[in-house]
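Chemist: Show me the folded form of this:
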Amino acid sequence: MPGPRIAALVTITAIVGLGTLSSVVNDSYLDTSNPLLTALPHPLHATHYFADKKNPLNVYFIKRIWGWTTVAFLSLFFTSPPGTRRLQRLAQYAVATAVWLVFTSWFFGPAVLERLIVSTGGECVVSLPNGAVVSVPNEFCYTRSPITTGALASLLPSVLILPEDEFHIRPRLRRGHDVSGHIFLLTMSILFLVDQLRTSLASSSPDRQRADKRWPPYHKYAVTFTAFVVLLSLFATYTTSVYFHTPIEKLTGYLLGVAGFVVTQIPTLRAEPEIVPATRRNLASPPGGAATSRRD
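Modeler: Residues are numbered from 1 along each chain as shown. Reported below is the predicted structural model:
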């Protein structure tokens, strides 16, 4: 029987694969790298609930997935049996958080995903209220600085007729290879949390009889909450696969998510002493306890 991590990987692979296939067959995905499309609602938003970017799953869960992951991990860790609160688990979380930051927020300047978009032909653009799309220096996207009417007029004084109303618009990187950041984070989050659940499930094994290996009173609630986050993440992975990003962008997001999880395993490479189940200890010991010397 496959372990939890393998089962989770197979499940994610199937969901991303089937969701992507469905998006191609039904032409339901949105090319998020096209600035003329991303400024508009999804073509299916009126008839498909999860195609609407403003649906609660996307706004309150997917866009905050690492926050949910953090709460789930901390609840598991601090309610787990004392013998399982190892520093390597905290190190795994720290590495996973670093991977998240490097890919989505900062990597000695722009994040890795932003660098990838630019290196594949992307540029920083602003979608104006009148529907026009104009390019601005990439630094505006790297710093996530909003563009105002005055700033845009100074950048493009003789090329563009600007709307009369004052506006503040955040520019976006478009036209390059826009890796699905949601698939990336959801994949890494699911695998990371399942790996942490594996520790809890192992500590409740009937072979382990030590008192410090039994679940404390509140740990079962933490396990239930974490399992809920994992299941909802799997569903979110499916909706993202069906409605957003091109197939290749979802594939690269999935592969980077798996790679990110692999990096979180680095703190576990140091071998730990094997915990011998009570049944094996009993079989290894001779009846009556330790052997005694024979007296003449």
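Chemist: which ones are touching residue 228?
Modeler: Listed by CB atoms under 8 Å, 6 or more residues apart in numbering, residue 228 has no contact partners. The way it works is simple: take the backbone N, C-alpha and C, and place the C-beta from them, glycine included.
Chemist: and residue 15, what does it touch?
Modeler: Taking CB under 8 Å, 6+ apart as the test, what residue 15 contacts is 234, 237-238, 241.
Chemist: That one sits in which helix or strand?
Modeler: Assigned by DSSP states H and E, residue 15 belongs to helix 4-25.
Chemist: what mean pLDDT does that helix have?
Modeler: Mean pLDDT, computed over helix 4-25, is 96.
Chemist: Any idea how far that helix is from the middle of the chain?
Modeler: In terms of CA atoms, centre = their mean, to the nearest Å, the centre of helix 4-25 is found 15 Å from the chain centre.
Chemist: Please apply the same query to stretch 139-151.
Modeler: That offset, for stretch 139-151, works out to 27 Å (CA atoms, centre = their mean).
Chemist: Start and end of it, how far apart?
Modeler: Using CA to CA, to the nearest Å, the end-to-end distance of stretch 139-151 comes to 13 Å.
Chemist: Enumerate the positions of that stretch that are buried.
Modeler: Residues of stretch 139-151 classed as buried: 140-142, 147, 149 (neighbour count, 16 or more other CB atoms under 10 Å).
Chemist: likewise stretch 74-88?
Modeler: By neighbour count on 16+ other CB under 10 Å, the buried set for stretch 74-88 is 75-77, 79-81, 84.
Chemist: Which single one of these is nearest to residue 54?
Modeler: The nearest member of the buried residues of stretch 74-88 to residue 54, counting by CB to CB, is residue 75 at 28.8 Å.
Chemist: Just the element for the closest one, please.
Modeler: Here residue 75 is covered by helix 65-79, with elements defined by DSSP H and E.
Chemist: Strands of the stretch 151-296 of the chain, residue ranges please.
Modeler: For the stretch 151-296 of the chain, the strands defined by DSSP state E, counting those that start in this stretch occupy 168-169, 172-174.
Chemist: Out of those, which gets nearest to residue 28?
Modeler: The closest of those to residue 28 is strand 172-174. By CB to CB, the value is 20.6 Å.
Chemist: where do the strands sit along the stretch 1-150 of the chain?
Modeler: Ranges of strands in the stretch 1-150 of the chain, per DSSP E, counting those that start in this stretch, are 123-127, 133-136, 147-148.
Chemist: now these in JSON lines, with distance to residue 218 and mean pLDDT?
Modeler: Listed next are the strands of the stretch 1-150 of the chain as JSON lines, based on distance: least, CB to CB, whole Å; pLDDT from 0 to 100:
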{"stretch": "strand 123-127", "distance to residue 218": "48", "mean pLDDT": "87"}
{"stretch": "strand 133-136", "distance to residue 218": "51", "mean pLDDT": "83"}
{"stretch": "strand 147-148", "distance to residue 218": "49", "mean pLDDT": "78"}
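Chemist: Now render the ones you listed as JSON lines, adding distance to residue 154.
Modeler: JSON lines is the format used below for the strands of the stretch 1-150 of the chain (distance: least, CB to CB, whole Å):
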{"stretch": "strand 123-127", "distance to residue 154": "13"}
{"stretch": "strand 133-136", "distance to residue 154": "11"}
{"stretch": "strand 147-148", "distance to residue 154": "10"}
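Chemist: Need the winner for burial among these.
Modeler: Mean neighbour count (mean count of other CB atoms under 10 Å) peaks for strand 123-127 among the strands of the stretch 1-150 of the chain, with a mean of 21.
Chemist: Could you export it as CSV, CA atoms only?
Modeler: What follows is strand 123-127 as a C-alpha-only set of coordinates in CSV (Å, rounded to 0.1, in the frame of the first residue of the first chain):
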residue,chain,number,x,y,z
GLU,A,123,6.6,43.0,-19.9
CYS,A,124,5.1,45.3,-17.3
VAL,A,125,1.7,46.6,-18.6
VAL,A,126,-1.1,48.8,-17.4
SER,A,127,-4.7,48.2,-18.4
